[in-house]
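Asker: my questions are about this predicted structure, shown below with the sequence.
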Amino acid sequence: MTIEQLAIFIAVAERQHLTQGAAAVGLTPSAASAAIKALEAFHAVRLFDRVGRRIELTRDGMAFLEEARQTLARVRQAEQALNDLGGLKRGTLDVMASQTVANYWLPGRLLAFASDHPGIAINFAAANTNEVAEAVIAGAAELGIVEGHVDAPVLAVRPIGRDRLVAVSVPGVALERPRFSDFRWIMREPGSGTRAEFVAGLLGLGVDPATLTVALSLPTNEAVLNAVLNSDCAAALSEMVVAPFVAAGRLAILPFQLPQRNFSLLYHRERRPSAAVKAFRDLCIEEGS
């Protein structure tokens, strides 16, 4: 049994799809199929059944999947320990960030880290705040950076910067509508830190969020921004997101005082961070101080 065979088996088993599993580990379907067949033949066990046009795990395959996951996880921990000993000459930084951070705050810091540590591979993904927290809890990302509030006991939360939400609309609309309830609102999706902080800001101002007319909920800042630019609706977005459009006169900031919010690092309290994560965490803390 090889580590590569384990990785191929896990990838195919988790997706219940040979082509998708093969793509996940960078192989052709025929190569992945051959590896699995070799594993089955050597150990005289059938791991998958073909049912119609799809494949599914046998009972033996289901029993083996968790063992395979644990074995591969232990191998990766051993590899990570060796990478750490190499003094950041090799390794991987797995980081996930919520969208405002990912698009506006983080890129320059990732570039600085990559310049200082060219041997470190950077795996970077963007999601909303809830998804980032879930990824760090599950171990899919070692480090998360979010702009929303996170309440998860297993996560350490370290503030590293600040941002302000502002309410915006196209110019001229604000003069006609002095209250929150006078607008139709474009919102980020549930789970978004921007949405959660906006709702918290409304409550702090004594405004019931249920009184707002929500015209649309959208999954990215850019989608919200374009919807506002092409309508008479309003939205609450980061000051960093709207700044160029305010400067160009395409958006106006509405006279509603929304609170500042923190950008925060998230990492698991019970997992030993890699040297790459430690180095990048230190860079973010230093830049944010």
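Answerer: That came through fine.

Asker: looking at this protein, which helix or strand does the model trust least?
Answerer: Across the helices and strands of the chain, mean pLDDT, DSSP states H and E gives its lowest value to helix 173-176, namely a mean of 72.

Asker: tell me the helix or strand right after that one.
Answerer: strand 184-188 (DSSP states H and E).

Asker: buried ones in stretch 171-183?
Answerer: Val173, Ala174, Phe180, Phe183 (16 or more other C-beta atoms under 10 Å). Quick note: C-beta positions are derived from backbone N, CA and C, even for glycine.

Asker: same check, this time on stretch 113-121
Answerer: Phe113, His117, Ile120.

Asker: can you give me the pLDDT of the first one?
Answerer: According to the per-residue confidence, Phe113 scores 94 in pLDDT.

Asker: so how far is stretch 244-256 off the chain centroid?
Answerer: On the basis of C-alpha atoms, centre = their mean, to the nearest Å, stretch 244-256 sits 28 Å off its chain's mean C-alpha point.

Asker: what about Ala32, how many residues nearby?
Answerer: A count of neighbours around Ala32, defined by other C-beta atoms under 10 Å, yields 25.

Asker: check Glu79 too.
Answerer: Neighbour tally, Glu79, other C-beta under 10 Å: 14.

Asker: the longest helix in this structure is where?
Answerer: Longest helix in the chain, counting residues (DSSP state H): helix 59-85.

Asker: helices or strands up against it?
Answerer: helix 3-15, strand 91-98, helix 275-288 (3 or more C-beta pairs under 8 Å, 6 or more residues apart in numbering; DSSP states H and E).

Asker: again, only using 7 Å
Answerer: If you count contacts as 3 or more C-beta pairs under 7 Å, 6 or more residues apart in numbering; DSSP states H and E, helix 59-85 packs onto helix 3-15.

Asker: helix or strand right after the helix it packs on?
Answerer: Following helix 3-15 in sequence, per DSSP H and E, is helix 18-24.

Asker: name the residues of that following helix that are buried.
Answerer: For helix 18-24, the neighbour count (16+ other C-beta under 10 Å) marks Leu18, Gly21, Ala22, Ala24 as buried.

Asker: give me the next element, helix or strand, following it.
Answerer: For helix 18-24, the following helix or strand on the C-terminal side (DSSP H and E) is helix 29-43.

Asker: please find the angle between the direction vectors of that next one and helix 59-85.
Answerer: Relative orientation of helix 29-43 versus helix 59-85 (axes from the mean of the first three to the mean of the last three C-alpha atoms, to 10 degrees): 110 degrees.

Asker: helix 29-43 vs helix 3-15, what angle?
Answerer: Between helix 29-43 and helix 3-15, the angle comes out at 110 degrees (the same axes, to 10 degrees).

Asker: and helix 29-43, what other elements does it pack with?
Answerer: Looks like helix 29-43 contacts helix 3-15, helix 18-24 (3+ C-beta pairs under 7 Å, 6+ apart).

Asker: what is the last one packed up against?
Answerer: Right, the one you point to is helix 18-24. helix 3-15, helix 29-43.
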